[in-house]
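Engineer: let's see this in three dimensions:
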Amino acid sequence: GAPVVLRACDGSASQRWTGGSTAPAPNPAPAQVLPGTLPNGTGQGCLQPKGGTIAGGNTVAIAPCAAGVVYQQWTHSAVGVAGEASPGASHCLDAMGDAAGSAPKLLYCQGTASQRWTLTAAGELRSANGLCATSIGVGAPVVLRACDGSPAQHWTGAEVSTPTPPPVVMPAPTAASVLAYMGAANVPTVSAMQARGGAWATYETVFSTLQEVRWLTDGLTTDANYYDRAMIYYVWWARTGNTTYLERGHQLAVAARTYMEASNYQVQPYLMMVDGVALHAILTGDTRSSRAVAQLADYLGGSNSTWPEALAENGNGSVDSRSQARVLSLLLDAHLLGVASPVGDDWRTRLRVTLDYILQSQSSDGAYRWSNQCWGNKPFMTGMLNDALIRYYELFEQDPRIPAAVKRSVDYMWNNNWVPATQGFLYQDGPCTESASADLNQLVVSGFGFVARQTGDASYFTRGDAVFAGAVNYSFLSSAKHFNQNYTAAYHYLATRF
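Structural biologist: Numbers count the residues shown, from 1 in each chain. Presented below is the predicted three-dimensional model:
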């Protein structure tokens, strides 16, 4: 009860305070996962999704055990360790309120308390509230009841005891893995760009100053990560070695993933900035992050999704080039991570199908015109799409249509949307033309560098340099969104320029 006082630091226990670090908590060693069937103690059958269908909202029941039946194969944590119980397809058993009498159901795995089950040494399957999964007959939904030791609450597979494995040690994250994943393996370091002086140096110096302001102002809000500041922090960590950026990238990525999970992975494409979440999976081994990428890719680009086909529909009021960029990038993330599709899709096939639809939407003059934009072209959205196309080309498959499409688009924007007096592009052209501003230049610039490399025509670097300098000299950076827009893609231009 004595008041805390200030004294010279001496390293004593009374001067140590836990919880003060802003660094993210280290990932715990994953619980051991044991596959196999879960026969019920009544001898009437094995646990499986009701009717043999792994689907959200389905209950579980016992049915006659059968060799080789996939949906009777469960993965769960080792005896005495709380963890998820899953029959596959990214679905986990959920206690659904975790009250006596309730029937657990399958939902997408989200790592919530209601999806944590402990298999006891006595063969019980206990919920987070300590209730036991109880069979009430073949084909009837399993329910939760107070544990009583009866055969109906006994699951034979839960008794198997194995030695606890040593903790899994993830390899140290490397700068090369981040930059290669983003298709920017050759981007210069921050110090190298500062040494060049001029707009190049200013771009880097402004980042180091303003990122701290934005971090203190924006925190871990959704707005803070708009245009994927988690990914930005990872890239700047790779370019500087500053571990503060790495720690902040982790925190923002987890916050973004939590938002996706809370939305059951059903979010409009323009809000889906998942490169940072994918990089978090690579750098930490966190399976919740890789799972989030897979679920989103399935929702927006899978074989059961209507989005890929819609990306060819210029008259669809819900679609624009930004949506195209997000869906294509999302599918590429899923492919590069090597994460399984929840419905068994081949991500390579989904990428090719989606690319076909996207390229149908480009006009012969290079513009991408949409009904929700007064049938005009928005350069910053076109630039985002070019970034996604370039990354597809460099990291997945060199489809010859991509260099041609990117060249047509940058030629169109330079000839029709660039305004030298403001050193910026029109926000939008067409019947509803909006004035030019340099604020969004850095979302457009990387296409010029790609075309310069593809064609050997240095005039595209000259144009790109003007676009880059215009952004540095005239951009408004006093909001989370504007700051992120200026740093989410322009490093790709530096990778091709130098």
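
Engineer: now do stretch 391-405: distance to the chain's middle.
Structural biologist: Computed by C-alpha atoms, centre = their mean, to the nearest Å, the chain-centroid distance of stretch 391-405 equals 22 Å.

Engineer: then it to CSV, C-alphas only?
Structural biologist: Listed next in CSV are the C-alpha coordinates belonging to stretch 391-405 (Å, rounded to 0.1, in the frame of the first residue of the first chain):
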residue,chain,number,x,y,z
ARG,A,391,3.6,-8.6,-59.5
TYR,A,392,1.7,-11.4,-61.2
TYR,A,393,4.0,-11.2,-64.1
GLU,A,394,7.2,-11.2,-62.1
LEU,A,395,6.3,-13.7,-59.3
PHE,A,396,3.8,-16.1,-61.0
GLU,A,397,3.6,-16.2,-64.7
GLN,A,398,5.0,-14.0,-67.5
ASP,A,399,1.8,-13.7,-69.5
PRO,A,400,2.8,-11.6,-72.6
ARG,A,401,-0.5,-9.7,-72.4
ILE,A,402,0.6,-8.0,-69.2
PRO,A,403,3.5,-5.8,-70.4
ALA,A,404,1.3,-4.6,-73.3
ALA,A,405,-1.6,-3.8,-71.0
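
Engineer: next, the buried residues of that stretch.
Structural biologist: Within stretch 391-405, the residues that count as buried by 16 or more other C-beta atoms under 10 Å are 391-393, 396, 399, 402-403, 405. For glycine as for every other residue, the C-beta is placed from the backbone atoms N, C-alpha and C.

Engineer: which residues of the stretch 151-300 of the chain score low on pLDDT?
Structural biologist: Scanning the stretch 151-300 of the chain for pLDDT under 70 picks out the ranges 157-173.

Engineer: do the stretch 351-498 of the chain as well
Structural biologist: Confidence mapping of the stretch 351-498 of the chain against pLDDT under 70 gives zero matching residues.

Engineer: if we can go back for a sec, and the buried residues of stretch 391-405, which is closest to His91?
Structural biologist: Closest approach to His91 among the buried residues of stretch 391-405 (C-beta to C-beta): Phe396, at 28.4 Å.

Engineer: surely the closest one and Leu331 touch.
Structural biologist: No: Phe396 is beyond contact range of Leu331, at 9.2 Å (criterion: C-beta atoms under 8 Å).

Engineer: hmm, back to that, ok, of the buried residues of stretch 391-405, which one's closest to Cys374?
Structural biologist: Ala405 (22.6 Å).

Engineer: contacts only, for the closest one.
Structural biologist: Neighbouring residues of Ala405 by C-beta atoms under 8 Å, 6 or more residues apart in numbering: 359, 362, 366, 389.

Engineer: overlap in contacts, Phe396 and Leu331.
Structural biologist: Residues touching both Phe396 and Leu331 (C-beta under 8 Å, 6+ apart) are Leu351.

Engineer: buried subset of the contacts of Ala405?
Structural biologist: 359, 362, 366, 389.

Engineer: residue ranges of the helices in the stretch 101-250 of the chain, please?
Structural biologist: Taking DSSP state H, counting those that start in this stretch to define them, one finds helices in the stretch 101-250 of the chain at 175-181, 190-196, 198-218, 229-240, 243-262.

Engineer: adding mean neighbour count, write the ones you listed out as JSON lines.
Structural biologist: Putting the helices of the stretch 101-250 of the chain into JSON lines (neighbours: other C-beta atoms under 10 Å) gives the following:
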{"stretch": "helix 175-181", "mean neighbour count": "18"}
{"stretch": "helix 190-196", "mean neighbour count": "16"}
{"stretch": "helix 198-218", "mean neighbour count": "16"}
{"stretch": "helix 229-240", "mean neighbour count": "26"}
{"stretch": "helix 243-262", "mean neighbour count": "21"}
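
Engineer: quick one: closest of these to Ser323.
Structural biologist: Closest to Ser323 of the helices of the stretch 101-250 of the chain is helix 243-262 (C-beta to C-beta; 16.6 Å).

Engineer: beyond the closest one, next helix or strand please.
Structural biologist: Downstream of helix 243-262, the next assigned helix or strand under DSSP states H and E is helix 275-284.

Engineer: how far off centre is that following helix?
Structural biologist: 7 Å.

Engineer: sorry, back to before: the buried residues of stretch 391-405: which two are farthest apart?
Structural biologist: Phe396 and Ala405 (15.3 Å).

Engineer: and the angle from the helix or strand where Ala292 lies to helix 243-262?
Structural biologist: For Ala292, the host element (DSSP H and E) is helix 287-301. Going by axes from the mean of the first three to the mean of the last three C-alpha atoms, to 10 degrees, helix 287-301 is angled at 50 degrees with respect to helix 243-262.

Engineer: which is the next helix or strand following helix 287-301?
Structural biologist: Next along the chain after helix 287-301, taking DSSP H and E as the criterion, comes helix 307-310.

Engineer: contacts for that following helix?
Structural biologist: So helix 307-310 is contacted by 269, 300-301, 316, 318-319, 323, 327, 350, 353-354, 357 (C-beta under 8 Å, 6+ apart).
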